[in-house]
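Colleague: next one to model:
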Amino acid sequence: MGNCSSKGASGSPGPARPVSIPLQNSAAHPAGNVHRAQHSQGARPPQIHHRTEKPMSPKIRTEVLNATQKAFGSFKYGVIGGTALAQYGNRRTTSDVDVIVPEDVIDVIEDHLIKHGMVRTAGKGIGYVASDGNCYGIDITSDKALSQTFQAPQTQLRIMPLDFLLNSKAYSFLSRVGPDKQQKMANDAQDILFLLGYMKKNNYKLDKRHCRWVVDYDFWALFCATYSSAERDFHALGLQRDQTPSSSNRGSRHSSMEIMRRKSQSSGSW
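Modeller: Predicted structure coming up:
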């Protein structure tokens, strides 16, 4: 989900309220060179942009989110990951936007976005070139890959609700793959702790139907063994760990982990 670093898990009293950010004529060619010039122009490959690792400022983040919403148009999507948490006041920095889409559009959405303001980036990804000149990555995943049921958010910038974010972070913590697995799990853990603190502070009413992975036997045991205070916070939200491991959850997790592993290998990087 991009390169990011943790700067603590403190948050603001409420969600951030983003606002919208607001041919040269060709020289004549000699007759003998017209065909060669046209052929050269037609064969020019599309420009490939390189993603920046520079953290987004609040202003740039809002600009990228507005551009993402405009590019998606009528397609359903939701913002997850570090950018979504930043909108709720988390201070962890990030240089990309993670979005989730329904499985039935995952194969067509990138081409649509390229035609509506996004650009192709190195590594077969997509991004957005912001007003500061940097290209910020747009990472797209499907609800199937996260083993979650997608429901399009109704918020202005399509930020997914807190219970969905908590559930997706629990799933990510449990299913990380690759050489940077431990670092990403540590980031996931800090995000989970931030969400728990935010919900507690704001008396958030959790929708238990969206917490399949939070109450998962394997996740709960692994997470609470490292962060002992988390179990008390889970209980305060009305959650209880599954009594036994779920074969269905394990099967779903292993299947989607394999999808992520193949996707990473095909792009030449983890």
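
Colleague: residue nearest the centroid of this structure?
Modeller: By CA atoms, centre = their mean, the chain has its centre lying nearest to Asp98, at 1.6 Å.

Colleague: and the gap between Gln148 and Arg91?
Modeller: Separation of Gln148 from Arg91 (CB to CB, to the nearest Å) stands at 26 Å. For every residue, glycine as well, the C-beta is placed using N, CA and C.

Colleague: the more surrounded of these two?
Modeller: Using other CB atoms under 10 Å, the more surrounded residue of Gln148 and Arg91 is Gln148, with 21 against 14.

Colleague: specify the local secondary structure of the more buried one.
Modeller: Three-state call for Gln148 (DSSP: H, G, I helix; E, B strand; the rest coil): coil.

Colleague: which residues does Lys76 contact?
Modeller: Going by CB atoms under 8 Å, 6 or more residues apart in numbering, Lys76 touches 101-102, 105, 150, 152.

Colleague: now restrict those residues to buried residues only.
Modeller: 101-102, 105, 150 (16 or more other CB atoms under 10 Å).

Colleague: restricted to helices, list those residues.
Modeller: Using DSSP state H, the subset of the buried ones among the contacts of Lys76 located in helices is empty.

Colleague: can you pull out the strands in the stretch 151-270 of the chain?
Modeller: Ranges of strands in the stretch 151-270 of the chain, per DSSP state E, counting those that start in this stretch: none exist.

Colleague: what about the helices in it?
Modeller: 162-175, 181-201, 217-226, 229-236, 247-266 (DSSP state H, counting those that start in this stretch).

Colleague: what angle do the first one and helix 217-226 make?
Modeller: If I follow you right, that is helix 162-175. Going by axes from the mean of the first three to the mean of the last three CA atoms, to 10 degrees, helix 162-175 is angled at 90 degrees with respect to helix 217-226.

Colleague: tell me the average confidence for helix 162-175?
Modeller: The predicted model assigns helix 162-175 a mean pLDDT of 93.

Colleague: now do that helix against helix 181-201, angle only.
Modeller: Orientation check (the same axes, to 10 degrees): helix 162-175 against helix 181-201 gives 160 degrees.

Colleague: also the third one?
Modeller: For helix 217-226 against helix 181-201, the angle by the same axes, to 10 degrees is 90 degrees.

Colleague: how close does the nearest residue to Ala84 once chain neighbours are set aside get to Arg61?
Modeller: Once flanking residues are discounted, Ala84 sits nearest to Ile159: 5.1 Å by CB to CB, 6 or more residues apart in numbering. Counting by CB to CB, the gap between Ile159 and Arg61 amounts to 11 Å.

Colleague: what is in contact with these two at once?
Modeller: Contact with both Ile159 and Arg61 is made by residues Gln87, according to CB under 8 Å, 6+ apart.

Colleague: and the helices in the stretch 1-150 of the chain, which stretches?
Modeller: Secondary structure of the stretch 1-150 of the chain by DSSP H, counting those that start in this stretch: the helices cover 34-42, 58-72, 81-87, 109-114.

Colleague: Lys205 is nearest to which of those helices?
Modeller: Ranking these by proximity to Lys205 (CB to CB) places helix 81-87 first, at 18.8 Å.

Colleague: now that closest one: mean pLDDT?
Modeller: If you average the pLDDT over helix 81-87, you get 95.

Colleague: now for that helix, which elements pack on it?
Modeller: helix 58-72, strand 93-94, strand 96-101, helix 181-201 (3 or more CB pairs under 8 Å, 6 or more residues apart in numbering; DSSP states H and E).

Colleague: relative to strand 96-101, how tilted is the first one?
Modeller: The reference is to helix 58-72. Interaxial angle of helix 58-72 relative to strand 96-101 (the same axes, to 10 degrees): 30 degrees.

Colleague: helix 58-72: which residues count as buried?
Modeller: 60-68, 71-72.

Colleague: could you redo those as TSV and give each row distance to Lys54 and pLDDT?
Modeller: Formatted as TSV, the buried residues of helix 58-72 follow (distance: CB to CB, whole Å; pLDDT from 0 to 100):
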residue	distance to Lys54	pLDDT
Ile60	9	98
Arg61	12	97
Thr62	16	97
Glu63	14	98
Val64	12	98
Leu65	17	98
Asn66	19	97
Ala67	17	98
Thr68	18	98
Ala71	21	98
Phe72	24	97
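
Colleague: with that, I have no additional questions.
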